[in-house]
Structure formats: structure tokens, C-alpha cells
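> predicted model, plus sequence, below.
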Amino acid sequence: MSGLGAPSGSPGGQNKGNDERWLSIEEASRMLGVGQAALRRWSDEGKVPVYRTPGGHRRYREADLQATLQGDREGKPAQTPRRRMSHQVLTGLSFSGYQSDYLRELQTRSWYRAYSPMQREELRISGRRLVDLAVRSISGRGDREQTVDEARAIGRRYGAISAAADLSATDTVEAFIFFRSPVMQAVEQFIEEENLPAKRVVRIFAELMHFMDQVLVATIAAHADGTS
């Protein structure tokens, strides 16, 4: 529910005897644990009730916010308007990073030219799968342990291919970092657009780095086995 006018008992025409508590957008966003930009969008979409003062300021009724959090409004199940990290959106953002500028720079790297055409094609296919797994790991989809296990297997294959191409350990790490950069940039872009709370941002990056570290360790271990 939203409106330009102030309803009875709302801020802008509230009664002295009215004991309802009205919150500013700053107070409401803090209560819901979301950024102000996200709360404005949810308000405009009708997901969170909002009222306007005669001066145009947004005001939120505390009872409405509690109902949104607890799901007791109109008997609806509990809902928190915090948006889940969209697997589809993040994957799309990640793949969009592998465009012409990225590919041109990739082709200038000596370690990339060391791979045979067949090896590059295998790396391309497994790389797309790794992007999907990385996004799954931070968006809470699927079995996390199974996701990490499959990612480690891809890492081991990366290491074996790099060893077969006579890449050094340093070049293998550089290649891994280069290939993961679009995923990191996609997550950064998603966080910026969604204006996520700081605590959630820290958690997301911690999970992503843990996932990537697992893959990197598997890559280097397989590389060492292949060059020994």
C-alpha cells in the first residue's frame, strides 16, 4: 500500500492520542536490515507499505514493518523483503564479463598461448561450469558440499591441463586469477545495485573467497602432481 496523501492517524495528520509509531526511511531500513535504495524500490513496487507526509517524506508504520518481518499481516507466511541473490542474474553478469575486451587481453597472455586449441576448448567449457557453481555456492542453491566437490574436480583438471601445457605454478595461479575476475566483478556489481547491508556483503565475499580458495588449492595440487 502506498499513497501520496496521509491517511488518518498517519504522519502528516496524526492525532496526539495516536500511539502508532512511525519511522523515517533510515529507521525503517535499519529495522529491516536493508539499504535505503532497496527499501525505496520495494515501497514503489508495493511490497512494503509507505506513506507520504505533506512535505513528500516517506514514513513507515512500525506495525507494518513488523508484519512484513513476521508474516502476521493478513495471515500471510513470514516474509522478509531481503532479496535472495539471484542465481540467474549473477550468472548472467559473470558471463557478460567474458566479452571482447576481456578476450583480447586474454590472448596477449603467454600462458594462454601455451594451451593447445583442444585444451582451450576444454577450459572454456569447464570454466562456464565453474562460474555456475561459484554462483550457486553464494546464492544458497543446491547442496553446498556437492557443489564444492565438483568445483574441486574442475580445479584438479585445470591443474593437470596446465602441467601438460608446461605452465609453471606461477603461470597457473595467474591464469586462475584471470579467469575468476569476471565472477568477482559480477558479485561486486550485484552488491552495488542492490545496496546490500555491510554484514551481508562481508558474508558473501567470505563465502565466495572460500569457494575460490578450495578450487585454487585443488588446481595447484594437481599441477604439482603433473610436474613431479
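Noted; the coordinates are in hand.
> if I look at the nearest residue to Glu62 once chain neighbours are set aside, how far off is Thr147?
Nearest residue to Glu62, sequence neighbours excluded (C-beta to C-beta, 6 or more residues apart in numbering): Arg21, at 4.2 Å. C-betas here are computed from N, CA, C, even on glycine. When distance is defined by C-beta to C-beta, to the nearest Å, Arg21 is 43 Å away from Thr147.
> now Met31
From Met31 across to Thr147, the span is 33 Å (C-beta to C-beta).
> show me the helices in the chain, by range?
25-32, 36-44, 62-70, 87-96, 100-106, 110-114, 117-139, 144-164, 169-194, 198-227 (DSSP state H).
> okay, those helices in CSV with mean neighbour count, distance to Gly56 and mean pLDDT next?
Formatted as CSV, the helices of the chain follow (neighbours: other C-beta atoms under 10 Å; distance: least, C-beta to C-beta, whole Å; pLDDT from 0 to 100):
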stretch, mean neighbour count, distance to Gly56, mean pLDDT
helix 25-32, 17, 12, 84
helix 36-44, 17, 13, 81
helix 62-70, 17, 19, 78
helix 87-96, 17, 32, 64
helix 100-106, 11, 43, 81
helix 110-114, 15, 55, 94
helix 117-139, 17, 37, 88
helix 144-164, 19, 45, 94
helix 169-194, 18, 25, 83
helix 198-227, 16, 29, 91
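> dump these into CSV; add distance to Thr53 as well.
Below are these laid out as CSV (distance: least, C-beta to C-beta, whole Å):
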stretch, distance to Thr53
helix 25-32, 11
helix 36-44, 14
helix 62-70, 16
helix 87-96, 34
helix 100-106, 48
helix 110-114, 59
helix 117-139, 38
helix 144-164, 46
helix 169-194, 27
helix 198-227, 29
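> so which of these gets nearest Arg52?
Minimum separation from Arg52 across the helices of the chain (C-beta to C-beta) falls at helix 36-44, 10.0 Å.
> so who does the spatially closest residue to Leu23 that is not a sequence neighbour touch?
Among residues not flanking Leu23 along the chain, Tyr60 sits closest, at 4.7 Å (C-beta to C-beta, 6+ apart). Tyr60 makes contacts with 22-25, 27-28, 48-51, as judged by C-beta atoms under 8 Å, 6 or more residues apart in numbering.
> show me those residues that map onto strands.
22-23, 50-51 (DSSP state E).
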